[in-house]
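Asks: pasted the sequence and its predicted model underneath.
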Amino acid sequence: MSGSTVRISIGLIVSCVLAIQAHATLRFYVATNGNDGWSGHYATPRKNANNGPLASLPEAIRRARSERKHEQVEILLREGVHVLDEPVLLTAEDSGLTVAACKNETPIVSGQSEIRGWERVEGKTNLWHAHVADEKLKQWNFRELFVNNHRKQRARTPNDGFFHLVGNSVGGESNKVKYAGGDIKPEWAQSGEVELIAHQLWAGSRNRIVAVDTNSHGITLGGRAITENKEDNGRYYIENARDALDKPGEWFFDVKTGEVFYWPEAGEDLGKARVTVPHLSELVLLNGTARAPVHNVAFRGLTFADADWRLATNGYCDVQAAVFVRGAFQGKFVNDCAIEKCEFVRLGGWAIDFGSGCQRERIVGNVMHDLGAGGLRIGDMNRKAAFTTPAGQCEITDNAIHNIGIIYPPAVGIILFHTAGNHVAHNEIHHTYYTAISVGWSWGYKPTPCGTNIIEFNHLHDIGQKMLSDMGGIYTLGLEPGTVLRNNLIHDVNALAYGGWGLYTDEGSSGIMLENNIVYRCGSANIHQHYGKENIFRNNVLAFGREAQLARTRPEDHISFFFTNNIILYNSGALFAGNWSGTNYVIDHNIYFDMRPDGATRSVEGGTTWDTWKKAGHDVHSIFADPLFVAANKYDFALRKESPARKSGFKPIDMHDVGVRKQFARTTKDEID
């Protein structure tokens, strides 16, 4: 062998070794019985050796930073509750890190503290109390309490329902409201911790009571209670008054004495129960920069739990969708991050919160529930900033999001702000107090970076629950060229006063395709366009809207929308609602059927007969005919073979795998071994 051949062979060997090293995995284990003095490279303690898993996730991250060379790094968490003293903070140097559950295990990353030493309050058999010994926890002034992982109600009055404000403000001052009768006690202002929580159409506020004037029945609050969407005699309730602790399941924390009180529910034994409160409001922070983004970080198979909500001195006043509340899991300038098959539970704000500069995230197969605010938010609310630091191209699929908005009812299941190119598919969102999916954040016709978002195969139901008003199963805003809403199953959207709509193209919504959706049993109408330009509604099934089937609010000088090849089946309410004046909309080739006995002779809109409607150029080729669904009374909207819709050009809608798909649902079987 020649010398040159030897040199080439050695070079190849060195290259192979370096390549292997570059792709090698540096692995650390973390266990609740671990020790931060150990190596962390073993899943269990080693016999006859001072070695085994680490005790804390922060220490594992520190070790990963100090020991990694070119390796991929994995931190694997064992079963149990891993309590954080402060949020996990990752920066660009942590790129390439995977934090995951060990196979078949369900570790919990938590911000909880346990309250121990419960005793009965002397002379009150129903009431228990405990002293909070931890000074940091006292100063935190926790706002949530859980018994055996079940959320409990902070002392509230009235226990059920609401009080009602008188009018909507006092002298136009945004921090003053009026109360009725004896609903408010003057001493509540003296404590400085009693809160008034108001609901106003699609928004809400939460403020401390600062002063009470019994003569004028006026309340001065710590911050704004009135937004531009003023609601006369709006609903409100009081929270965190000690004398409101009058029902099983309620609790109160006296921040001055450090004493917490709880009235147990039936079957709860505080001598055995585990009572926890959160001591953090954030759990994970991915803090990149425009020049040094965090990239290729993954979280798999973990549960993120027990984060609090905070209240500023000047309170909280929403404009819409609880957008000023932040998430327990936050990211800014993050690229190619994955959150897969995780659970988010017992949180005071949003679950996941990706802001400026976040691109190509994978948020797949997660469960988000028992949330103070919403499930997931993507993008920047600031339109101008979003042009320079865009967020988008995220894969958001197969997530189950439910029972949200517990602290902030206007919160949304998934909200996309000024962001483009996202794929939101196969999610199931239900039991919200407001909209399920919201897309866009610009009112009117200003240019935005929002567009080309694909929203498909989502199952959205039990939305609104008659708590707020003016909402949609899917809600859009502003210019959104290339955005498509298709093959979504939406039903049971119900508002309090008005506006329980299935598909809701609100102010300025334009350039959107809405096709192949099935929408039924919505309180106001199955589709509502407020105003917009050239949206296309085609090949949808709209059934059983209670007040109306299709609504339009504002006529404009341009074509509002194209509404063609849809099937509308109804048995109550009107066919159309709102303002249908003018001719700047195209509506034709649809099938309508009123199931009531005299349905065929009913008016189309505002007393207009069907013949007059057609003579005006509308629905010239549309028909009134039974579409012959397989079982419409059971909400099976497949077409029979003899359906007239098959001859009209209507295409059957594929709903066989709408919602979360089994192969992507959260399990522990696929995590790292």
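Replies: Thanks, I have the structure now.

Asks: what ranges does the stretch 101-250 of the chain have for its helices?
Replies: 135-140, 188-191 (DSSP state H, counting those that start in this stretch).

Asks: deepest of these, which one?
Replies: Sort the helices of the stretch 101-250 of the chain by mean neighbour count, taking mean count of other CB atoms under 10 Å, and helix 188-191 sits at the top with a mean of 17. In short, each C-beta sits where N, CA and C put it, glycine included.

Asks: using CSV, write out the CA atom coordinates for that one.
Replies: Only the C-alpha atoms of helix 188-191 are listed here, as CSV (Å, rounded to 0.1, in the frame of the first residue of the first chain):
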residue,chain,number,x,y,z
TRP,A,188,-64.7,45.1,50.5
ALA,A,189,-62.9,48.2,49.4
GLN,A,190,-60.9,48.2,52.7
SER,A,191,-59.2,44.9,52.1
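
Asks: which elements pack onto that helix?
Replies: strand 203-213 (3 or more CB pairs under 8 Å, 6 or more residues apart in numbering; DSSP states H and E).

Asks: would you map the helices across this structure?
Replies: 3-23, 57-67, 135-140, 188-191, 383-388, 610-615, 645-648 (DSSP state H).

Asks: residues in contact with the last one?
Replies: Yep, that's helix 645-648 we're talking about. Asn565, Ile567, His589, Ile591, Ile623, Pro627, Leu628, Leu639 (CB atoms under 8 Å, 6 or more residues apart in numbering).

Asks: so the fifth one touches Ile591, yeah?
Replies: Yes: taking CB atoms under 8 Å as the contact criterion, Ile623 and Ile591 are neighbours in contact, 5.8 Å apart.

Asks: looking at the two, which is more packed in?
Replies: Ile591 (22 against 14; other CB atoms under 10 Å).

Asks: that one pairs with what?
Replies: Ile567, Ile623 (DSSP bridges).

Asks: contacts only, for it.
Replies: Applying CB under 8 Å, 6+ apart, the residues near Ile591 are Asn566, Ile567, Ile568, Ser622, Ile623, Phe624, Ala625, Pro627, Pro644, Ala645, Ser648, Phe650.

Asks: low-confidence ranges in this structure?
Replies: 1-23, 48, 169-173, 227-229, 599-603, 606, 668-673 (pLDDT under 70).

Asks: how does this protein divide into domains?
Replies: 3-78, 113-276, 435-661 (automatic domain parsing).

Asks: would you list every one of the strands in the stretch 151-300 of the chain?
Replies: In the stretch 151-300 of the chain, strands defined by DSSP state E, counting those that start in this stretch lie at 153-154, 156-157, 163-164, 176-178, 195-200, 203-213, 218-221, 235-239, 250-254, 259-262, 275-278, 284-287, 294-295, 298-300, listed in chain order.

Asks: now the ones you listed in a markdown table, with distance to Phe537 and mean neighbour count?
Replies: A markdown table is the format used below for the strands of the stretch 151-300 of the chain (distance: least, CB to CB, whole Å; neighbours: other CB atoms under 10 Å):
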| stretch | distance to Phe537 | mean neighbour count |
| --- | --- | --- |
| strand 153-154 | 42 | 18 |
| strand 156-157 | 43 | 20 |
| strand 163-164 | 38 | 16 |
| strand 176-178 | 41 | 21 |
| strand 195-200 | 30 | 24 |
| strand 203-213 | 28 | 22 |
| strand 218-221 | 43 | 22 |
| strand 235-239 | 34 | 20 |
| strand 250-254 | 47 | 21 |
| strand 259-262 | 52 | 21 |
| strand 275-278 | 44 | 24 |
| strand 284-287 | 39 | 22 |
| strand 294-295 | 39 | 22 |
| strand 298-300 | 39 | 21 |
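
Asks: nearest to Ser95, of the contacts of helix 645-648?
Replies: Asn565 (48.4 Å; CB to CB).

Asks: you'd agree that closest one is up against Arg538?
Replies: Yes: with contact defined as CB under 8 Å, Asn565 counts as touching Arg538 (5.0 Å).

Asks: could the strands of the stretch 151-300 of the chain be laid out in CSV, adding distance to Ile415?
Replies: Listed next are those as CSV, based on distance: least, CB to CB, whole Å:
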stretch, distance to Ile415
strand 153-154, 26
strand 156-157, 28
strand 163-164, 30
strand 176-178, 28
strand 195-200, 19
strand 203-213, 14
strand 218-221, 27
strand 235-239, 24
strand 250-254, 31
strand 259-262, 34
strand 275-278, 23
strand 284-287, 19
strand 294-295, 22
strand 298-300, 21
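
Asks: quick one: closest of these to Phe329.
Replies: Of the strands of the stretch 151-300 of the chain, nearest to Phe329 by CB to CB is strand 284-287, at 4.6 Å.

Asks: what residues does Leu503 make contact with?
Replies: Contact analysis of Leu503 by CB under 8 Å, 6+ apart lists 472-474, 485, 490, 514, 517, 519, 526-528, 537, 540.

Asks: sorry, back to before: of all the strands of the stretch 151-300 of the chain, which one is nearest Gln112?
Replies: strand 275-278 (4.3 Å).

Asks: kindly export the closest one (C-alpha atoms) in PDB.
Replies: This file holds the C-alpha atoms of strand 275-278, laid out as PDB (Å, rounded to 0.1, in the frame of the first residue of the first chain):
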ATOM      1  CA  VAL A 275     -53.800  20.500  48.400                       C
ATOM      2  CA  THR A 276     -51.600  22.400  46.000                       C
ATOM      3  CA  VAL A 277     -51.200  26.000  44.800                       C
ATOM      4  CA  PRO A 278     -48.900  27.400  42.000                       C
END
